[in-house]
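1. Sharing a model that was predicted from the sequence below.
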Amino acid sequence: GAVVSQHPSRVICKSGTSVKIECRSLDFQATTMFWYRQFPKQSLMLMATSNEGSKATYEQGVEKDKFLINHASLTLSTLTVTSAHPEDSSFYICSASFQGGSHEQYFGPGTRLTVT
Amino acid sequence: EDQVTQSPEALRLQEGESSSLNCSYTVSGLRGLFWYRQDPGKGPEFLFTLYSAGEEKEKERLKATLTKKESFLHITAPKPEDSATYLCAVQGGSEKLVFGKGTKLTVNP
């Protein structure tokens, strides 16, 4: 149980274009979803927290107009990187937790974004 | 501010050579300490949650322990398939997880 999927697993886009990444909880309803970014040999850095049906809460230093997060249902959250630039190239990982759970977050497999 | 420091950064073991990974933390109101395993190019895989000092949990060759300042992940008689990066994270007053940089474990056959 507690499986989270992400799509796509890898994406290459040109500078200035937008990219959408999907995160789905497959076998549970995720009341809260989280988006992280991970650079090589670095910690996972939380970008934002989203609850179904409400606006995402962004961490300090994360541009909410650049990283658009939508959590329209209890099983789907999307992250759109708008006007991507090479410095946005990174490994993006989502996680999900469910109400009544023991606070664990279950992670997706990640999406490798390369902006050329 | 919640902080997590993991040591060592990298650890090489021979198959069967037991060892421990350390996770030191400072947190305001610990709700939980989490251990994850991460393989290259993959998302973290949940291993354990520890809630209070003195608690221990085991899974196969792994055993996690917790004190008020640190947690240890003990690996007994590791196998090459245990090679991965092991991440420690704490959860304080909010639902946010604060991660350490991880310990990259390599187990040679």
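-> In hand now; what should we look at? Residues are numbered from 1 along each chain as shown, chains lettered A, B, ... in the order given.
2. which ones are touching residue 50?
-> The chain I'm using is chain A. Contact analysis of residue A:50 by CB atoms under 8 Å, 6 or more residues apart in numbering or on different chains lists A:32, A:33, A:34, A:35, A:56, A:57, A:69, A:70, A:71, A:77. Using the backbone N, CA and C atoms, a C-beta is placed for each residue, glycine as well.
3. meant chain B, my bad for not saying
-> Counting by CB under 8 Å, 6+ apart, residue B:50 has contacts B:32, B:33, B:34, B:35, B:56, B:57, B:64, B:65, B:66, B:71.
4. go again using 6 Å as the cut-off
-> Contacts for residue B:50 were tallied using CB atoms under 6 Å, 6 or more residues apart in numbering or on different chains; they are B:33, B:64, B:66.
5. Now that we have the residues you listed, can you turn them into CSV and tack on distance to residue A:83 and neighbour count?
-> Converted to CSV, the contacts of residue B:50 look like this (distance: CB to CB, whole Å; neighbours: other CB atoms under 10 Å in any protein chain shown):
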residue, distance to residue A:83, neighbour count
B:33, 38, 24
B:64, 43, 24
B:66, 44, 23
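6. which among those residues gets closest to residue B:10?
-> Minimum distance to residue B:10 across these is 19.7 Å, recorded for residue B:64 (CB to CB).
7. element containing the residue nearest to the closest one when sequence neighbours are not counted, please.
-> Of all residues not flanking residue B:64 in the chain, residue B:48 sits nearest, at 4.4 Å (CB to CB, 6 or more residues apart in numbering or on different chains). Using DSSP states H and E, residue B:48 sits within strand B:45-50.
8. wait, what's in contact with residue 61?
-> If you meant another chain, say so; for now it's chain A. Contacts of residue A:61 (CB under 6 Å, 6+ apart): none.
9. my bad, the chain I had in mind was chain B
-> Contacts of residue B:61 (CB under 6 Å, 6+ apart): B:75, B:76.
10. where does it sit relative to residue A:80, distance-wise?
-> Computed with CB to CB, to the nearest Å, the distance linking residue B:61 and residue A:80 is 41 Å.
11. Same check on residue B:96?
-> 22 Å.
12. Settle it for me: which of the two has more neighbours?
-> Applying other CB atoms under 10 Å in any protein chain shown to residue B:96 and residue A:80 shows that residue B:96 carries more neighbours, namely 17 against 14.
13. Alright, calling it a day.
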